[in-house]
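[1] Return a 3D structure for these sequence lines:
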Amino acid sequence: MEKFSLINVNVIKSVAYVTIENPPVNALNAMALREMEQCIDRLNSDSSVKAVILTGSGTFFIAGADIKEFTHLFGQEELAEQAALKGQALYNKIEQSEKPIIAAINGACLGGGLELAMSCHMRIAANEAKLGLPETKLGIIPAYGGTQRLARLTNTAKALELILTGQFIDGREAEKIGLVNHSVDADQLLQKAAEIAASITQKSSLSVKAVLESVLTGIDLPLEEGLALEAKHFGKLFGTEDTKEGVTAFIEKRPAAFKDR
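    Numbers count the residues shown, from 1 in each chain. Purely as a prediction, here's the structure:
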């Protein structure tokens, strides 16, 4: 995979470790966002990658957007709206990725950083990590999907409390409210993420893709339509070699050897 200036990618045993490296706080400036989009596109087209772990370098996950870049938006309402839509499009692409993406939140995960983490399919946080959406302290609001995803991951009242106050919570509290899947000691963070990723890589990429689409598309559909989508994917899988192999291996009491076809 090509080299990036602010992102490091290392693939180990079908898992791509993507690390944001933009010191001192891994801010999401225009270049970082551009490279993130390119990185996601490359990973989705790389058949050797079955899962992705996204984290930050040093003691930060991502401390938010580069606020200095906001100054050119003063008095430019339409331009500001377009900037928000562009960021939302990138985060939608991450959420719609065919490869499961796990955010390993190693430190401060604020503003656009938390919005990025929420667009990932799963989140693991260090116990002492700080998570929050402090945009109202700047007189603005989260605009890369924060007002929408936080309410869906937790609940409306909790989302309003966190966004309106701009308060930070740690990894333990984030797990309690359903914002992250697990909160662990910092030295166990990548190991926990790697364990989950490794379990995924042992599955057929066809069934993994079907799960992602069934859940992420179905959740916004009426139940009847979501069930129909689930049945459609179930049917399609029975036309694949992997389903035949998985069922046969189970009957023969042996590990399945999936070939992703």
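
[2] What lies in contact with stretch 54-61?
    8, 17-21, 23-26, 62, 101-109, 113, 116-117, 120, 129, 189-190, 193 (Cβ atoms under 8 Å, 6 or more residues apart in numbering). Where you see a C-beta, it was placed from the backbone N, CA and C, and this is true even at glycine.

[3] ditto for stretch 249-261
    Residues contacting stretch 249-261 (Cβ under 8 Å, 6+ apart): 47, 202-206, 240-242, 245-246.

[4] Mind checking which of the contacts of stretch 54-61 land in strands?
    Residues of the contacts of stretch 54-61 located in strands (DSSP state E): 8, 17-20, 62, 101-105, 108-109.

[5] Please list only the buried members of the residues you listed.
    Taking 16 or more other Cβ atoms under 10 Å as the criterion, what is buried in these is 17-20, 62, 101-105, 108-109.

[6] all helices for the stretch 151-261 of the chain, in order.
    156-165, 171-176, 189-201, 205-218, 223-237, 241-251 (DSSP state H, counting those that start in this stretch).

[7] so where's the longest helix in the protein?
    helix 77-95 (DSSP state H).

[8] List the buried residues of stretch 161-179.
    Per 16+ other Cβ under 10 Å, stretch 161-179 contains these buried residues: 162-163, 168-171, 174-175, 177, 179.

[9] could I get the buried ones among the ones in strands among the contacts of stretch 54-61 as JSON lines with pLDDT?
    What follows is those, written out as JSON lines (pLDDT from 0 to 100):
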{"residue": "Y17", "pLDDT": "97"}
{"residue": "V18", "pLDDT": "97"}
{"residue": "T19", "pLDDT": "97"}
{"residue": "I20", "pLDDT": "96"}
{"residue": "I62", "pLDDT": "95"}
{"residue": "I101", "pLDDT": "98"}
{"residue": "I102", "pLDDT": "98"}
{"residue": "A103", "pLDDT": "98"}
{"residue": "A104", "pLDDT": "98"}
{"residue": "I105", "pLDDT": "98"}
{"residue": "A108", "pLDDT": "97"}
{"residue": "C109", "pLDDT": "98"}
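
[10] nearest to A125, of those residues?
    I105 (4.1 Å; Cβ to Cβ).

[11] Kindly provide the distance from L6 to V52.
    According to Cβ to Cβ, to the nearest Å, L6 and V52 sit 17 Å apart.

[12] quick one: contacts for M36?
    Shown in contact with M36 (Cβ under 8 Å, 6+ apart): 7, 28, 90, 94, 116.

[13] so which strand or helix has it?
    helix 30-45 (DSSP states H and E).

[14] Roughly how far does K244 sit from K50?
    20 Å.

[15] Who has more neighbours out of the two?
    K50 (24 against 12; other Cβ atoms under 10 Å).

[16] Pull out the buried residues from stretch 66-77.
    Those buried within stretch 66-77 under the rule 16+ other Cβ under 10 Å are 66, 73.

[17] what's the average pLDDT for it?
    Mean per-residue pLDDT for stretch 66-77: 85.

[18] Can I get the buried ones among the ones in strands among the contacts of stretch 54-61 in a markdown table including distance to Q148?
    Output for these, formatted as a markdown table (distance: Cβ to Cβ, whole Å):
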| residue | distance to Q148 |
| --- | --- |
| Y17 | 28 |
| V18 | 24 |
| T19 | 27 |
| I20 | 23 |
| I62 | 19 |
| I101 | 18 |
| I102 | 21 |
| A103 | 17 |
| A104 | 23 |
| I105 | 20 |
| A108 | 22 |
| C109 | 18 |
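
[19] and stretch 50-62, how far out from the chain's middle?
    From the chain centre to the centre of stretch 50-62 is a distance of 10 Å (Cα atoms, centre = their mean, to the nearest Å).

[20] end-to-end on it?
    Stretch 50-62 has an end-to-end distance of 24 Å (criterion: Cα to Cα, to the nearest Å).

[21] before we move on, what about stretch 174-189?
    Across stretch 174-189, the terminal residues are separated by 15 Å (Cα to Cα).

[22] what's the spacing between the residue nearest the centre of the chain and N181?
    By Cα atoms, centre = their mean, the chain has its centre lying nearest to C120, at 1.1 Å. According to Cβ to Cβ, C120 stands 10 Å off from N181.
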